[in-house]
Each structure stands twice: as structure tokens, then as C-alpha cells.
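**Q** Structure for the following, please:
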Amino acid sequence: MGNGDIRVRGLAARAGGWSARHRWAAVGIWVLFVVLAMGLGSAAGRVDVKDSDQLGGETHTAAKIIEDAGIEEPAGETVLIQAKDGTTRATDAEFRAAVTAVMAAVEKTGEVTGVASPYDTKTISEDGRSALVQFDMRGESDTAGERVEPVLEAVEGVQEEHETLRIEEIGGASMMKTFDDAFGDDFKKAEYSAVPVALGILLVAFGALVAALVPVALAITAIIATMGLMALVSHFQPMSETANSVMLLVGLAVGVDYCLFYLRREREERAAGRDARTALSIAAATSGRAIVVSGVTVCVAMAGMLFTGIAEFEAMGLASLMVVAVAMVGSVTVLPALLSLLGERVEKGRVPFLRRRRGNGGSQNSRFWTAVLDRVLAKPLLAAAVATGALLAVAAPALGMKTQNLTLDQEFGDSLPIVQTYNRVNAAFPGGSDPAEVVVKADDINAPEVRAALADFRERAVSSGASRGPVDITVHDERNVALVYVPLMGGSDLDEAGRSLETLRDEVRPATLGGVEGVEAPITGQVAGSKDFNDQLVGSVLPVFVFVVIFAFVLMLLSFRSLTVALTSIVLNLLSVGAAYGILVAVFQHGWGASLVGAEGVGAIITWLPLFLFVILFGLSMDYHVFVVSRIREARLRGRSTEDAIRHGVVTTAGVVTSAAVIMVAVFAIFGTLSMQSMKQMGVGLAAAVLIDATIIRGVLLPAVMSLLGERNWYLPKWMHRLPDLTHDEAPEAIAEVNAPDERGGRGERVGV
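**A** Numbers count the residues shown, from 1 in each chain. Sure thing, here's the model as predicted:
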């Protein structure tokens, strides 16, 4: 077959070839796309998820009633006044003087309204040693944290005058300010430090500044473009700050990884003696294809979040999907153009002591992984058994996983004074800091039967044992809505508080408000929100799991034309996710080794994390899997035996997989250093899973299993031969022939430049 007859089929190869031939156009189009996306996004503005859309169940119904009624709930604040000794009581003169001083001081600031005395609201503890002065912040609750400083200072001033008493403030506004001060910069530093960390690792991996900058530049531009697209899409699917942070993490991880895969293959082919044109063409047809397969698989996994029905998850899923798609497109289009433009200049800025040896065909084989692989392939059954047993042992604690929304003291420990205040309020007034809120809507809220039902509800909430009281009722006459605040027995003990909530929902409400026709009375609040979130999440686990697993299986089947490869891919990924779950439960639920990561055992995993980790990890782990298996399959198609192909594929990809994994682990580990337990759990979970995936799974279990299967790795039943063929295999030799001069001094039909 002559050069003129050779046709290279792959989408990635064709895209890379066009970009390299029209390099300035490709770069210009990419820059225009990034600028337009960001500009249009800034002009359109971002729409964030509303509170009423956050959850389903009663929590959603309650938020919707409040929103439709136009009720703006102010940020409520509470000042705890408590005797430090065992003798002073709320009835004593000094205590009363302190209460009066607090009320006068906060009113004087002009920032509060509705200041209520504990002697009027009966908010005095059973032992008589504690009392609560309650009031609301003026203005919108979302910005109350910005205006609470004068109030906090006023309370501190009263504390200085009454040393025998403990006088502390807590509430929505004060917690907002405390967390912003303590952790606002923390998050920014974590996000900003991720880029230099990735750049430093790439510099070590490539030994050249320009080569290290290219992947980071592509990842950053992909993130910038996605931020603009998120703003545009938010008018159809609202976004959030959480979705933005997740998008940044995922975008940096996959953006750098994809460029790393591509760039490493191009450099390897050049080191093997290929000319620049051929090396780039081979990289486009091989690593480029692996990037497309991996990118589509990750996008499918991220799309699984859309099946949860939870607005926050839908936002995270869509944002992650978009950044992966943008990074994938950039890697197979503008990256070849940049490499073609840079040529040998990609080696500029070399660091002398990081200079790598160039030889052996540029394979950059890893001595460590070569030694490991020799032992694995010598006894594959033993290696597979040991690795599987180890992973199952690590995953075992996940069988006892307990999920819940973390309370304030679980989330922050005792690192903040306000957490100690929270604990003291809950101890003296169980449930007082996070009461259940019953949102009562009626045709006429002042109708006698409605008023009687409200009074009956208040009485039974206490007599049933669900609350110690006091139960406060705020009636909005013109909107026919009443808000009932019920401190739940159990306080910060979510298990006991959950039982109190069940009593309210299943016993007290049906016997009182439930008997009045036309009355709606959904119950919301922190405990109710946690329960509704858990219920909704449990209901969405199976659909998400089935969707992600089935579509990932189908994509792998079509991309590799092997039933065996598709099945083993799914099983190995599930093992990796299971091991990550086990580590999370061991460290954060049981506290085993928690101090090593600056954490503590809080007795539970935050509710949203298991499903989030499953989707993210199942997608990201496909990066390595597709890349390694693609290289093994390529070697097999070039005539190597299966075992030799496994050895070649694993060893030649060891360097790039290790570099990519180190970057991901480092970036995720940064978030594991934050003070919030939920962020620690996310960071440690992701970092541990990637580490396991890049070492035990790809370095031991994958080659061992493939060695045991032998030729059965490439098994495809005859009836499946009719399936679409998405392999588009391109042998490097064929590509080199395409790029070689023909007898007339020209070139054949080219895939690359």
C-alpha cells in the first residue's frame, strides 16, 4: 500500500494534524474562545442555587413557602449570659444588671432589632445559671456578617465589666463573620497554591521551564473559559461557589494530566529519533486518542451527578463536565499547535540538575516499576491475590460507614471560640442554637381553628418530649404564614435530635396542625435538612451508580473492542473507590491515624462526600487506566506478545502516570490541610484514592490480572462485532510512513503537520 492510500482515521489524530498545520489559526481560535466565554459570562452574570432549590422533601417545601411569601428571615443572634461559679443565678441582681447592659449595648449600635429579654421569653436554663438575650440583625441575612462587628464589640465591652459571668455571642451573622475571617483566606490560599505546586512538580518531571509551563497554561485557560461558560449555563442550571471550587480542582487535575500525556509521548518519539513532524503526529494519534476516550468517560461519570435531583450536586456535575470537555478539546487542538510553534524551544529553561538522560529510545523507563513489574509478572496469581486482599482489607471499614451533616463542633473542633460557645448554648438549652422550624401556611392564618392548632402544637411539642421549650411562634398575618421555632431535645447530638424530629413530624404534627383542612406545615432546620438530604441522596445512589458504571463500561467496550478490558476496568475502578471509602471511615469516623493528617475522628462522614467521591474518582481513575491500557493495546497490535505488551505498556507509562498522580495527590492534599473537617475528608479521600489507583491498581493489579488472562484480554464475542468501532488504531510506523517523503519529493496524505 503506497503513501497515497494511507488514511489515518482517529478524531484526535485529525484534530492534531489540522492544528499543527494551521497552528496560528488554532491558537487564535482558542484564545478567542477563552476571551469570548469569559466576556459573555461576565456580562450575563452567574445565577446561584436558591435555598428553596437546594433539597427536596419537606425542607424544599418549607423554603419554597417562605420564598413565595416574600418573607425575609433576618439573621438571628443570641448572647449567652452564664454564671462561671455554681452559686450565681439569673434572678440575682448582678445577673439582671448584665442582661440589661447587654440589651442596651446591642441596641445602641443601631444594627439590631427585636431585642428580647430572657425574663420575657423564658429563655433561662433549668439550673437557673444561664440565660439568652435574643435579637435580629437589620438588613439582609446574607450580608449580616459584614455588619455584625459593632455588635460583637458591644458584647465584649459588657463582658469586660462583668468578670464573674460568661457573656458570649453566637448566631448566623457572628458565625458568618468568624468563618469568613478564619477560613475565607484559607480557601483562597489553597486554590492559589495548587497552581505553583503543579508547576513545580511538572518542572521536576520535564526538567525544562517551558515544557512545564505549557500544561499549566492550558489548564488555566480551560478553567477561565469554563468559568465564563458556567455563568452562561447558570441561567438554565444555577451554579454555586462549591461548584466553582470543584471545577477548579477537577480542571487543574485533568487539564495538566491530558497535556502531560500528550507532551510526554511527543518527547518520547522525538528522543527515539523521529522528526518533529512525525513525533507530533504519533502523539496526536496515540496519546490524543487516549485523552479523548478518557475525557468522554470522565464527562459521563460527572454527568451521573445530574441524576441526584439535588441542585448543588447538579451544579457540581455540570461544572466538572464542562471543564473536562474544555480541557480535552484544548489538549487535542491548541496543544499540538503550541508544540509545533515551539519546536525545540519547548526544552528552553532547562534546570541543570534535573537534566534527564536521553537514550534507549527515549522510553524513560522507571527502574523501580521495572523491578516491581518483573516480580508481578513472574508470579501474577500471587500478586493479584495479595493486591486484591490488601485493597479489600483497606475497604472493609466502609461497611460501617455512617453519614450525616457535621455539626459545628464536628466541623471545626475546638479551634474557634465560637464553637465553645455553641457547645455551651446546646448544653444549657438543648437544640436552642439550631431549632427545628415549622413553616405553617393556611388560607387564613388567624382562623380560630388554625390558632388553636398552633397552640396545641406548641404544647404537645414539649409534652411529647421532643422539645424542652420554649417554642416561639412568629405570625405573618398579611402572608398567612406562621413560623414556629422548636428547640429539639438532643441539641448537637444529631441521633437524638433526629428522633425528636421524627416525633414532631410523625406524632405531634398529625395530631394538631394535620387535622386542619388546607394547612401545610413542613418542618425544616439543620436536623431536618440533614435527614431530608440523606433520604434524597440514598434514593439517588442506585440511579447514579447504574448510569456511571453502564456508560463507562460501554465506552470502554467500544473504545478497546474488548469485553474483558471493559469488565476489568469497571472492577478495578470499584476496588479503588472502595479502598478510598475504607480510608475515609477509618480516619475520620473511627479516628485511626487521624492525627497524621491533622484531623480527628468525628464519628461520621459528611453526607455528600461518598457519592461525590464515587463520581469524581470513577472518572479520574479512567485517566490512568485508559492511558496504560491504550499503550498495552498499541504494543500488542504491533506484534508483541501479551506479556511483553503489558511490560512495555506499564513501564513506558510509569513516568507519566507517576508525575500525573503526584500532581493530583499534591493538589488534593492541599485541601486536606484546611481546618474544616469536610474539606479534610474530601482532600484526603481524593488524594488517597489517586495514590492507590496509580500504584497498587495500575502498577500491580492491572498487569497481574492482564497477565493471568493472556489472550483473553482481547476477547470480543462474535455477536458484538457489529458494535460501532471507535478504536481508530494508528501504528507509529504507519504514521511515520505517511509523513515520509514520497518518490516525487513530497509527502503522502498526512495525519499530522
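
**Q** quick one: low-confidence ranges for the stretch 401-550 of the chain?
**A** 414-415, 431-433, 491-492 (pLDDT under 70).

**Q** the helices in it, which residues?
**A** All helices of the stretch 401-550 of the chain, identified by DSSP state H, counting those that start in this stretch, fall at 408-412, 417-428, 448-463, 494-503, 509-511, 526-560.

**Q** Pull out the buried residues from the fifth one.
**A** If I follow you right, that is helix 509-511. Neighbour counts using 16 or more other C-beta atoms under 10 Å place R509 of helix 509-511 among the buried residues. All C-beta spots, glycine's among them, are computed from the backbone N, C-alpha and C.

**Q** helices or strands up against that helix?
**A** Packing partners of helix 509-511 (3 or more C-beta pairs under 8 Å, 6 or more residues apart in numbering; DSSP states H and E): helix 448-463.

**Q** who wins for proximity to M676 among the helices of the stretch 401-550 of the chain?
**A** Of all the helices of the stretch 401-550 of the chain, helix 408-412 sits nearest to M676, with 5.7 Å by C-beta to C-beta.

**Q** List of residues touching the closest one?
**A** 175, 418-419, 422-423, 492, 602-604, 675-678 (C-beta atoms under 8 Å, 6 or more residues apart in numbering).

**Q** which residues does the residue nearest to A69 when sequence neighbours are not counted contact?
**A** Using C-beta to C-beta, 6 or more residues apart in numbering and skipping the chain neighbours, the partner closest in space to A69 is R479 (4.2 Å). Contacts of R479 were listed using C-beta under 8 Å, 6+ apart, and they are 69-71, 445.

**Q** Max pairwise distance over those: which two?
**A** Farthest-apart pair in the contacts of R479 is G70 and I445; separation 14.9 Å (C-beta to C-beta).

**Q** My understanding was that A194 contacts T673; is that so?
**A** No: here A194 does not reach T673: they are 11.5 Å apart, not a contact under C-beta atoms under 8 Å.

**Q** More neighbours: which of G70 and I445?
**A** I445 (19 against 10; other C-beta atoms under 10 Å).

**Q** show me where the stretch 551-700 of the chain has helices.
**A** Counting by DSSP H, counting those that start in this stretch, the stretch 551-700 of the chain has helices at residues 563-584, 609-637, 642-671, 677-692.

**Q** From the contact counts, what lies against the second one?
**A** The elements that helix 609-637 packs onto, with contact taken as 3+ C-beta pairs under 8 Å, 6+ apart, are helix 241-271, helix 287-303, helix 311-332, helix 526-560, helix 563-584, helix 642-671, helix 677-692, helix 702-709.

**Q** picking that back up, between A194 and T673, tell me which one has more neighbours.
**A** A194 (22 against 16).

**Q** Skip the chain neighbours and tell me the closest residue to that one.
**A** Using C-beta to C-beta, 6+ apart and skipping residues adjacent in sequence, the residue nearest A194 is V667, 4.7 Å away.

**Q** per-residue confidence for the one you found?
**A** We have a pLDDT of 82 for V667.

**Q** What of V334?
**A** Looking at V334, the pLDDT reads 91.

**Q** what's around it, how many residues?
**A** 25.

**Q** Ignoring the adjacent residues along the chain, who's closest to it?
**A** Counting by C-beta to C-beta, 6+ apart, the residue nearest V334 is W30, at 4.0 Å.

**Q** who's in contact with that neighbour?
**A** Neighbour list for W30: 221, 330, 333-334, 337 [criterion: C-beta under 8 Å, 6+ apart].

**Q** which one of these sits closest to A272?
**A** Proximity of those to A272 (C-beta to C-beta) peaks at A337, which lies at 22.7 Å.

**Q** where's the closest one, which helix or strand?
**A** Element membership of A337 [criterion: DSSP states H and E] is helix 334-342.

**Q** Show me which residues of that helix are buried.
**A** Buried, per 16+ other C-beta under 10 Å, within helix 334-342: 334-340, 342.

**Q** How far does it sit from its chain's centre?
**A** Counting by C-alpha atoms, centre = their mean, to the nearest Å, helix 334-342 is centred 32 Å from the centre of its parent chain.

**Q** rewinding a little: format the buried residues of helix 334-342 as a markdown table; extra columns: distance to V250.
**A** As requested, these are exported to a markdown table (distance: C-beta to C-beta, whole Å):
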| residue | distance to V250 |
| --- | --- |
| V334 | 19 |
| L335 | 18 |
| P336 | 23 |
| A337 | 24 |
| L338 | 22 |
| L339 | 24 |
| S340 | 28 |
| L342 | 27 |
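
**Q** Low-confidence regions, the stretch 601-750 of the chain specifically.
**A** In the predicted model, the stretch 601-750 of the chain carries pLDDT under 70 at residues 725-750.

**Q** Need the helices and strands packed on helix 609-637 in JSON lines (columns: distance to F612).
**A** Listed next are the helices and strands packed on helix 609-637 as JSON lines, based on distance: least, C-beta to C-beta, whole Å:
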{"stretch": "helix 241-271", "distance to F612": "8"}
{"stretch": "helix 287-303", "distance to F612": "11"}
{"stretch": "helix 311-332", "distance to F612": "7"}
{"stretch": "helix 526-560", "distance to F612": "10"}
{"stretch": "helix 563-584", "distance to F612": "11"}
{"stretch": "helix 642-671", "distance to F612": "13"}
{"stretch": "helix 677-692", "distance to F612": "7"}
{"stretch": "helix 702-709", "distance to F612": "25"}
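
**Q** Closest one to V554 out of the buried residues of helix 334-342, please.
**A** L335 (27.6 Å).

**Q** buried sites along stretch 339-354?
**A** Within stretch 339-354, the residues that count as buried by 16+ other C-beta under 10 Å are 339-340, 342, 346-347.

**Q** hmm, which two among those residues are most spread apart?
**A** S340 and E347 (14.7 Å).

**Q** and the nearest residue to M176 once chain neighbours are set aside, what does it touch?
**A** Spatially, and ignoring its direct neighbours in sequence, M176 is nearest to G145 (3.2 Å; C-beta to C-beta, 6+ apart). Contacts for G145 (C-beta under 8 Å, 6+ apart) come out as 75, 173-177, 180.

**Q** List of residues touching the helix holding A337?
**A** 15-17, 19-20, 22-24, 26-27, 29-30, 210, 214, 218, 259, 262-263, 266, 276, 280, 283-284, 288, 346, 752-753.

**Q** So which of those residues sit within helices?
**A** Of the positions in those, 15-17, 19-20, 23-24, 26-27, 29-30, 210, 214, 218, 259, 262-263, 266, 276, 280, 283-284, 288 sit in helices, assigned by DSSP state H.

**Q** Would you mind checking those residues for buried ones?
**A** Judged by 16+ other C-beta under 10 Å, buried ones among the ones in helices among the contacts of helix 334-342: 15-17, 19-20, 23, 26-27, 30, 214, 218, 259, 262-263, 266, 276, 280, 283-284, 288.

**Q** Not counting residues beside it along the chain, what's closest to the residue nearest to the spatial centre of the chain?
**A** By C-alpha atoms, centre = their mean, the chain has its centre lying nearest to V246, at 4.8 Å. Leaving aside its chain neighbours, V246 sits nearest to M316 (4.8 Å; criterion: C-beta to C-beta, 6+ apart).

**Q** Kindly report the same for H235.
**A** Leaving aside its sequence neighbours, H235 sits nearest to V47 (C-beta to C-beta, 6+ apart; 5.6 Å).

**Q** What count of nearby residues applies to the closest residue to F618 other than its chain neighbours?
**A** In space, and not counting its chain neighbours, F618 is closest to A301: 4.8 Å by C-beta to C-beta, 6+ apart. Around A301 there are 30 other residues, counting by other C-beta under 10 Å.

**Q** Can you give me the distance of A301 to G685?
**A** Computed as C-beta to C-beta, to the nearest Å, the A301 to G685 distance reads 16 Å.

**Q** which residues does the residue nearest to V296 when sequence neighbours are not counted contact?
**A** The shortest distance from V296 to any non-neighbouring residue, by C-beta to C-beta, 6+ apart, is to L555 (6.1 Å). Neighbouring residues of L555 by C-beta under 8 Å, 6+ apart: 293, 296-297, 300.
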